[in-house]
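**Student:** can you look at this prediction? I've put the sequence above it.
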Amino acid sequence: MASLANVLPEGSARRRVDPERWVPRFVFVAVLLLVATPLCLIVYQSLIDRPLYDGHGVLTSQNYSGLLTSRAFLEAAANSFYLAVVSTIVATVVGVLGAFCFTRLELPGQRWLRGVMALPVYLSQLVLAFGWYVLYGPSGYVTLAVQRWLSDTPWNLYSILGMGVLAGVSQAPYVTVLCSSALSLSNGSLEDAARTTGAKPWRVMTTITLPLMRPSIFYSALLAFVGGLELLSIPLIFGAPSNLEFFTTFLYREALGQTSPNYGMLGAAAVYMLICVALLVIVQQRMLGNTQRFVTLRGKAQRHRATRVGGWRFVIAMLWWLYLAISVLLPIAGLVARSAVQFLSPLVSPLDYLTASNYQQLFTQSEYWHAITNSLFVAGIGAALATAFVALVVLCVQRSNFRWRRSLEVLCLAPRAVPGIVVGIGFLWLTLWLPGMGVLYGTLWLLIIAFSMRNLPTAFAAMAPTFMQIGRELDQASRACGATWWQTSRNIVLPLGRRAMASSYLLLFVSFLKEYAAAVFLVAPTSQVIGPTMLRLWTNGDFGPVAALSIVQLLLTLALVMVAKTLGKGK
């Protein structure tokens, strides 16, 4: 009797086993579980009167009403919004000015200015916060030097205004990157037309350039505001000494600083934070309105020309170098100096206190050495696994006929509205509640899973545009020759998108290496990574090892970036 494969027309058996039918479904379920499960557990915990792992919780609204009547929580929420507003104003003004100056003006050393401006993108905010503390804190090197000449310093980093300025400085490079991309793609003929009518550079910028940048400005301002809300490092380092509480520090202390945490109120606070961020995303979409009003790049578009500002170009460049030296270069130099001495003060010569003990402590004590190697494992292996998984997601969204591919895209982008500290709490409760998940607690694999969920939008945004540019006719030609969907994706689409995948890996590696907010809830003594270890050392007052560990993390990140640039040169 002939087999069914011989009876059916050629290709029928192949279609029955074509992964196009089951891979998108598997990916959809995996993304749904990865994103929705920890968030649903947070919501569920906020609605019951006892820890969810107890198994006998009763539904209640007391957690929400208790928070709304808690003076400590309301003050923390108000402080967070004040901090976010200040940081957004600073980040938007500095970032937009940076994008305009580096993209539209002829400045000496422009390439170096752009590189230094983007440096905080690759650094952990913990590292920058430590550097600012070493220099500009109450006992900082610059603070003590200024106090020798003045009765008091003109800054106070222990205030919300001071912390907001620091947060804005750390967010400004992201605004610059986003707005620079928009400026590079804009049609220069509109600005040239204004100049031919006698418009000065300032008028061209305010009447043409900035209005057309409105989508990127709104989007980057939203990111800066969300970043200010979910910021943990600066409020923890500078807010704790002045008894200032914020959204993130409230969650941090309630979860880790209490012998018997109130899990219900903790879940309710996390839900309030999620709602705030989600509303911001909706507002951003409403404010942009009809994005077609901002389209200028069409057929026969003209590239922009750099504006000549004469002798002012040296003044503008010097002002930018001064800003970057104060905000980025000097704090890094301060960390380097602090890591090499026992005591750093302008009152004594640092040469008298040189020591290698801080670095010896890192490389001779197993707990610190394991933190470094664990971070490299999580960043190296985790970024590779996450890149491969998101590549599958992009294939399902853009190159398949999956019915729910748009819902899959929304799910993949949803974590951009989830703060890192909420991700950590959600996955912590997931290991406590879901049977079988407890074996992951305290392992590096749990960190990889949590970091992957946190950075899904980053990887998707890095790969999706490139995959979208690959013509559909290539898929159709391959399928016409008898190839399956998976064979087409594996042999044509993925090889053409390998550069985007490499960029995604680089971004994820850096993000995994510097992640700390989610990790503080998930690490155990055997799975320590650099971020939580630095926080613990800082709490114990071990400033020298903190500076040394910060420099190690910085060198690891810069080494990867340099290797990536070397390998990608000319491609």
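**Tutor:** Sure thing, it's come through.

**Student:** only C-alpha atoms for contact and neighbour calcs from this point on.
**Tutor:** Fine.

**Student:** just for the stretch 401-550 of the chain, where's the confidence low?
**Tutor:** Residues of the stretch 401-550 of the chain meeting the criterion pLDDT under 70: 475.

**Student:** helices of that one, residue ranges please.
**Tutor:** 405-413, 420-433, 444-454, 456-469, 472-480, 485-488, 494-496, 498-514, 530-539, 543-567 (DSSP state H, counting those that start in this stretch).

**Student:** same question, the stretch 1-150 of the chain
**Tutor:** Secondary structure of the stretch 1-150 of the chain (DSSP H, counting those that start in this stretch): helices at 4-7, 12-16, 23-46, 62-68, 71-104, 110-117, 119-122, 125-136, 141-147.

**Student:** hmm, back to that, can I get the helices of the stretch 401-550 of the chain in CSV including mean neighbour count and distance to Gly382?
**Tutor:** Formatted as CSV, those follow (neighbours: other Cα atoms under 10 Å; distance: least, Cα to Cα, whole Å):
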stretch, mean neighbour count, distance to Gly382
helix 405-413, 18, 17
helix 420-433, 23, 16
helix 444-454, 23, 5
helix 456-469, 19, 12
helix 472-480, 13, 30
helix 485-488, 18, 24
helix 494-496, 15, 19
helix 498-514, 22, 8
helix 530-539, 20, 15
helix 543-567, 18, 15
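
**Student:** among the helices of the stretch 1-150 of the chain, which is nearest Ala480?
**Tutor:** Among the helices of the stretch 1-150 of the chain, helix 12-16 comes nearest to Ala480, with 13.0 Å by Cα to Cα.

**Student:** quick one: average confidence on the closest one?
**Tutor:** For helix 12-16, the mean per-residue pLDDT is 46.

**Student:** with stretch 176-185 instead?
**Tutor:** What stretch 176-185 shows for mean pLDDT is 74.

**Student:** pull it out as CSV, backbone CA atoms only.
**Tutor:** Taking Å, rounded to 0.1, in the frame of the first residue of the first chain, the C-alpha atoms of stretch 176-185 are listed here in CSV:
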residue,chain,number,x,y,z
THR,A,176,20.9,63.4,21.9
VAL,A,177,21.1,60.0,20.1
LEU,A,178,17.4,59.9,19.3
CYS,A,179,17.2,63.5,18.2
SER,A,180,20.4,63.2,16.1
SER,A,181,18.9,60.4,14.2
ALA,A,182,15.8,62.5,13.4
LEU,A,183,18.0,65.4,12.3
SER,A,184,20.2,63.3,10.1
LEU,A,185,17.2,61.9,8.2
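
**Student:** give the buried residues for that stretch.
**Tutor:** Residues of stretch 176-185 classed as buried: 176-180, 182-183 (neighbour count, 16 or more other Cα atoms under 10 Å).

**Student:** same question for stretch 222-240.
**Tutor:** By neighbour count, with 16+ other Cα under 10 Å as the criterion, the buried positions of stretch 222-240 are 222-239.

**Student:** filter those residues down to the ones in helices?
**Tutor:** By the criterion of DSSP state H, membership of the buried residues of stretch 222-240 in helices covers 222-229, 233-234.
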